[in-house]
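Engineer: Predicted coordinates and the sequence they were generated for:
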Amino acid sequence: MAAMTKTLRILAAFALAAGLVSPAFADEAAIRKNIAERLPDFPKIDEVTRTAIPSVYEIRIGNDILYTDEQGNYLIEGQMIETKSRRNLTEERIGKLTAIDFKTLPLKDAMVWKQGNGERKLVVFADPNCGFCKKFEHDLQTMNNVTVYTFLYPILGGDSPEKSKAIWCAKDNTKAWREWMIKGTPVTGSPSCDTSVLQRNVALGRKYRINGTPGLVFEDGRKLAGAMGNEELEKQLAIARAKNPG
């Protein structure tokens with residue numbers, strides 16, 4: 001955050017010194033033109049929008065966010081924080097861009113278990129070697145009325161892919177997963193099976209920027225990174241259910 005603030009100050013100082021700041025609205029054409037001419041290898045800009053900071057504008061490239069002045073003379077890479085509310089505006093924006101339509105998730109590629117009536121739904125991207133995932137899996141056992149879909153997501157290296165294959169190919173892969181994550185019981189004697197699901201899961205996670213485990217996806221499309229306590233999880237499940245009561 002300090003680096004971001006310093007960068008903004010430098011941008012403002014240079015802009016004022018050069019006489020570049022204008023009371024007029026941002027000229028999107030000028031931003032696109034100047035960046036394209038000066039940086040020929042710069043990716044195609046999908047969208048240019050104003051931000052809450054005067055003379056600073058958002059540049060969207062796919063799901064990536066950068067910032068610039070109203071003439072495209074400077075580029076800023078970093079997080080924009082609103083100090084009053086402590087909101088990370090960059091993170092919120094990317095969250096909206098990468099929001100997931102829960103109904104379109106390939107749940108056939110996930111292991112599933114249910115507690116109670118299972119009316120609340122949660123997707124978890126997890127690696128078998130993830131310590132936080134193990135704690136979270138243990139805590140999940142005390143949750144009521146929830147259906148959990150676990151996508152095996154072997155991204156931590158080591159023998160994560162081998163363990164994931166053994167778990168997926170087990171006769172009862174959900175049981176094998178829970179035995180390993182909760183009790184530490186190794187999975188042995190799994191038959192061979194089609195494990196292309198693991199490549200699909202990794203591609204799916206990368207698409208939606210699931211950069212760590214556990215990665216949580218709620219019914220309303222929100223993504224949250226990392227394990228959380230049951231009280232916070234109950235809160236998040238309630239928020240998601242209120243938005244998706246059907």
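Structural biologist: On my side now, so go ahead.
Engineer: pLDDT score assigned to the residue nearest to Ala176 when sequence neighbours are not counted?
Structural biologist: Closest residue in space to Ala176, ignoring its immediate chain neighbours: Ala170 at 3.7 Å, by Cβ to Cβ, 6 or more residues apart in numbering. Every residue, glycine included, has its C-beta placed from N, CA and C. Model confidence at Ala170, given as pLDDT, is 96.
Engineer: Beta-bridge partners for the residue nearest to Leu140 when sequence neighbours are not counted, please?
Structural biologist: Among residues not flanking Leu140 along the chain, Val148 sits closest, at 6.2 Å (Cβ to Cβ, 6+ apart). Beta-bridge partners for Val148, by DSSP bridges, are Trp113, Leu122.
Engineer: Could you report the neighbour count for Val148?
Structural biologist: Neighbour count for Val148, taken as other Cβ atoms under 10 Å: 22.
Engineer: Show the pLDDT at it.
Structural biologist: Reported pLDDT for Val148: 97.
Engineer: would you list every one of the helices in this structure?
Structural biologist: 2-18, 28-38, 89-97, 131-140, 160-169, 173-178, 196-207, 230-243 (DSSP state H).
Engineer: mind checking which of these is nearest Arg120?
Structural biologist: Closest approach to Arg120 among the helices of the chain is made by helix 230-243 (4.8 Å; Cβ to Cβ).
Engineer: The nearest residue to Ile35 once chain neighbours are set aside: how many residues sit nearby?
Structural biologist: Distance criterion Cβ to Cβ, 6+ apart; nearest residue to Ile35, sequence neighbours excluded, is Gly72 at 4.5 Å. Per other Cβ under 10 Å, the neighbour tally for Gly72 reads 26.
Engineer: give me phi/psi at Gly72?
Structural biologist: Dihedral pair for Gly72: phi 70, psi 30, per degrees, to the nearest 10.
Engineer: next one: Asn73
Structural biologist: Dihedral angles (degrees, to the nearest 10) for Asn73: phi -80, psi -20.
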